[in-house]
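Asker: let's see this in three dimensions:
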Amino acid sequence: IGARSSMRTQARVGPSGPRASAGVAGGGGRRPPPPPPAALSEWLAAPEADPPDPADALRVAALRAQGAIATPPQGVPGPACTFAAAVVNGGWLTVGWLGDSRVYLLGADGGALRMTADDTLAAEAARAGLLPPEAAETGPGAHTITRWLGPGNADPVPRVASVPLTAPGRVVVCTDGLWNYVSAAAAVAARVADLPTRASALAVARHLTSVALRAGGRDNVTVVVMDLPGRA
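Answerer: Numbering: from 1, shown residues only. A predicted model of the protein is given here:
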């Protein structure tokens, strides 16, 4: 959803239960590539996950998606996309990403954590101390991705991160169409707090999308929200 007619973004939510997942793929090609969230959902739907480790599964899903993207003829721009996905399994949240799509973990107590670090020229320069941190999202190269799924990327293996789940909460997976306007984890949590605590995951996703659209919506907005029951 958004103002750019040539952007293609996709979202996928896996089954609930012992394993659950949510993912987004965002890119600028006119022909969208097979989204990695689909490969991840196929893994989740299998009676026995192979590989069983969520971090390994995220890597395998991305590599399978990379292999399914056809190499375009020379001189023809090929489809490419960012990728972010979250898997809940065995009391842990594991996320994987390529590019600048993001995953946020929001606690029911108001706590918030951004689980991903953007793969962009500006973000990498900021992490290296070459740019001030605030320039990572607004300076030159802020939306020039350095890792992606598609032709021309020599390293399509996503970075991964995991945290234990100790309390109820939500996971928000989104493209830059949302975080262009609501970036900090605390700001995302504040916008979610606009709604009643019993609001459904779908209602939260719709609300966050509306927030971005009302703020300008210059880029397409893709948001997936997953509820977390937590563990005692």
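
Asker: any idea which element the closest residue to Val221 other than its chain neighbours lies in?
Answerer: The shortest distance from Val221 to any residue other than its chain neighbours is 3.5 Å, reached at Gly177 (Cβ to Cβ, 6 or more residues apart in numbering). (Glycine included, C-beta is placed from N, CA and C.) Gly177 belongs to helix 176-179 when assigned by DSSP states H and E.

Asker: that helix: how far from the chain's middle?
Answerer: Relative to its chain's centre, helix 176-179 lies at 10 Å (Cα atoms, centre = their mean, to the nearest Å).

Asker: buried stuff in whichever helix or strand comes after it?
Answerer: For helix 176-179, the following helix or strand on the C-terminal side (DSSP H and E) is helix 185-192. Within helix 185-192, the residues scored as buried using 16 or more other Cβ atoms under 10 Å are Ala185, Ala186, Val188, Ala189, Arg191, Val192.

Asker: what does stretch 59-67 give?
Answerer: Quick answer for stretch 59-67 (16+ other Cβ under 10 Å): Arg59, Val60, Ala61, Ala62, Leu63, Arg64, Ala65, Gln66.

Asker: all strands of this protein, in order?
Answerer: With strands called from DSSP state E, the chain shows them at 8-13, 19-27, 82-89, 92-98, 102-107, 112-114, 159-164, 169-174, 223-228.

Asker: adding distance to Ala201, write the ones you listed out as a markdown table.
Answerer: Output for the strands of the chain, formatted as a markdown table (distance: least, Cβ to Cβ, whole Å):
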| stretch | distance to Ala201 |
| --- | --- |
| strand 8-13 | 9 |
| strand 19-27 | 9 |
| strand 82-89 | 12 |
| strand 92-98 | 15 |
| strand 102-107 | 11 |
| strand 112-114 | 16 |
| strand 159-164 | 19 |
| strand 169-174 | 7 |
| strand 223-228 | 4 |
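
Asker: weakest of these by average pLDDT?
Answerer: In terms of mean pLDDT, the lowest-scoring of the strands of the chain is strand 8-13 (a mean of 54).

Asker: out of the buried residues of helix 185-192, which comes closest to Thr222?
Answerer: Val188 (14.4 Å; Cβ to Cβ).

Asker: quick check: which ranges of the protein have low pLDDT?
Answerer: The chain contains residues with pLDDT under 70 at 1-23, 25-51, 70-72, 77-78, 230-232.

Asker: give me the phi and psi for the residue of it positioned farthest from its centre.
Answerer: Relative to the centre of the chain, the most outlying C-alpha is that of Gln74, 30.0 Å out, by Cα atoms, centre = their mean. Torsion angles at Gln74 (phi, psi; degrees, to the nearest 10) stand at phi -60, psi 130.
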